[in-house]
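A.B. asks: Next one to model:
(one chain, ligands or ions: 1)
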Amino acid sequence: MPGIAIVGLQWGDEGKGKITDYFAAGVDCVVRYQGGNNAGHTVVIKDKKYKFHLMPSGVLQGKKVVIGNGVVVDPEVLLNEIDMLKGNGLEIDLMVSDRANVIMPYHRMLDGAEENLLGNKKIGTTKRGIGPCYSDKIARHGIRMGDLLNEEELKEKLERVLPIKQKIMELYRLEKIDEKKLFETYLEYGRKLQKYIGDTIYYLNSIIDEKRVLFEGAQGTLLDIDYGTYPFVTSSNPVTGGICTGTGVPPKKIERVIGVAKAYTTRVGMGPMPTEERGKIGEYLAEKGGEIGTTTGRKRRCGWIDMVALKYACMINGVDEIALTKLDVLDGLEEVKICVAYEYEGKEIARFPSSLLTLEKCKPVYETMPGWDGARGKKKYEELPENAKKYVEYISDHLGVEISVVSTGAKREETIVL
Ligand code: IMP
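C.D. replies: Now for the predicted structure:
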């Protein structure tokens, strides 16, 4: 059966966790293909809030979950999440790719050190070691999950890479790596995780024609290393293209792409965001939307919905339908604004620029619509206030993409399926 993809269309935090949890009910297997524990999912089930970072959200539906080769795995975080979920009485049927790269303590330390050195030019990373781990993967200095299962292999890989790392640590005046302790700790992680580690590539290709598989993106299109606001991005490909490289499943096997977009825009960390509202509206959205990062507890920057960015994201991901989240957060506003173009040096542009300097100078061109109250908690489209429906329809028409899901609250049941 063809695969379904769920991807973020903005700067992450679109509410993919809730949407994935919703769709996971109808599939057999949920797969993560990129990112690591920089992600943060919050899913509310029966008033219980689950927060996790690395496990695919489908785990809450008791589905088979897979961490693909494109993910970077911090074994300590993975073990903690397994314990936390088991402690909540959940069954865990997990497979982790033996090719997934491992986040090492020096990755976390270097993430912090590089950010410090950048000072006010920093990216604002989650400091989870994501960037340095992906850098090592590309530089061919990575340790992979499969290496943790074999004493000889782990020893050989560490002997190869640690002299380089020690030099870098020295350069940054960071603590010297205790090589013996590192080896033993990671070997122990391997022992504990052994039963989960395997060849996910053969596994996924063996089930993709028979079973229903959902690919769950982390972060969002505008944080993509290639398509996002580089260098203020993450180090992986959250777009649908990342599914193939991050799992080994060929493109023809992905048939349905669901793009997730918030009814407004948020961003954590640095980098341009044309529709950012620094005044009252920004505060209103942040407060009402509970816009605090799940991973770092940082405040998210908030602003109006940005159709230039969304159109760009729909194009890159080949979005078939949109899940529009947090519509209820706009409840109670007298009017709402939709950014339909940018003004750059006196001209209107409809394309998302590649140059950050250009993007920084872009001023949003807004359409203003009357606001509404009472979208919160609605479960049927007909029950939505008229102006809220007009807002949803405007977005769909402008993007030329059907909106198939509207989320009106954090709970599983506060969802409208069109
Ligand atoms: P990194 O992924 O930790 O390297 O952080 C790079 C940028 O991506 C920073 O601006 C982070 O705030 C942002 N980022 C990483 N993961 C997420 C996420 O799951 N949601 C929103 N922003 C994220």
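A.B. asks: Which single residue of this protein approaches the ligand most closely?
C.D. replies: Proximity to the ligand, evaluated over the chain using CB to the nearest ligand atom, is greatest for residue 269 at 2.2 Å. Any C-beta I mention is one placed from the backbone N, CA and C, and that applies to glycine too.
A.B. asks: How confident was the prediction at that residue?
C.D. replies: Note on residue 269: pLDDT of 88.
A.B. asks: Quick check: residues of the stretch 101-250 of the chain near the ligand?
C.D. replies: 123-126, 128, 130-131, 218-219, 223, 232, 234-235 (CB under 6 Å from any ligand atom).
A.B. asks: one more time with 8 Å
C.D. replies: 111, 123-128, 130-131, 218-220, 223, 232-236 (CB under 8 Å from any ligand atom).
A.B. asks: can you confirm the residue of the chain closest to the ligand is in a strand?
C.D. replies: No: counting by DSSP: H, G, I helix; E, B strand; the rest coil, residue 269 is not found in a strand; it is coil.
A.B. asks: Give me the buried subset of the residues of the stretch 101-250 of the chain next to the ligand.
C.D. replies: 111, 123, 125-128, 130-131, 218-220, 223, 232-236 (16 or more other CB atoms under 10 Å).
A.B. asks: did I read that right, residue 259 in a helix?
C.D. replies: No: counting by three-state DSSP, residue 259 is located in no helix; its state is strand.
A.B. asks: residues in contact with it?
C.D. replies: Contact analysis of residue 259 by CB atoms under 8 Å, 6 or more residues apart in numbering lists 7-9, 313-314, 317, 319, 321-323, 401.
A.B. asks: try 10 Å
C.D. replies: Counting by CB atoms under 10 Å, 6 or more residues apart in numbering, residue 259 makes contact with 5-10, 14, 16, 19, 217, 220-221, 240, 310, 313-314, 316-324, 399, 401, 403.
A.B. asks: Please check those and keep the buried ones.
C.D. replies: Buried among the contacts of residue 259 by 16+ other CB under 10 Å: 5-10, 14, 16, 19, 217, 220-221, 240, 310, 313-314, 316-317, 319-320, 322-324, 399, 401, 403.
A.B. asks: where's residue 293 relative to residue 96, distance?
C.D. replies: If you measure residue 293 against residue 96 using CB to CB, to the nearest Å, the figure is 25 Å.
A.B. asks: Looking at those two, which is more packed in?
C.D. replies: residue 96 (25 against 17; other CB atoms under 10 Å).
A.B. asks: how many neighbours does the closest residue to the more buried one other than its chain neighbours have?
C.D. replies: Nearest residue to residue 96, sequence neighbours excluded (CB to CB, 6 or more residues apart in numbering): residue 67, at 4.4 Å. Neighbourhood size, residue 67 [other CB under 10 Å]: 27.
A.B. asks: try residue 343
C.D. replies: Residue 343 has 14 nearby residues by other CB under 10 Å.
A.B. asks: list the buried ones in the helix or strand where it lies?
C.D. replies: Assigned by DSSP states H and E, residue 343 belongs to strand 335-344. Neighbour counts over strand 335-344 (16+ other CB under 10 Å) mark 336-342, 344 as buried.
A.B. asks: ranges for the helices of the stretch 301-418 of the chain?
C.D. replies: With DSSP state H, counting those that start in this stretch as the criterion, the stretch 301-418 of the chain has helices at 307-317, 356-361, 386-399.
A.B. asks: centre of the chain versus the first one, how much separation?
C.D. replies: This means helix 307-317. 16 Å (CA atoms, centre = their mean, to the nearest Å).
A.B. asks: and the stretch 251-400 of the chain, which residues reach the ligand?
C.D. replies: 267-271, 293-296, 298, 300.
A.B. asks: Fine by me, we can end here.
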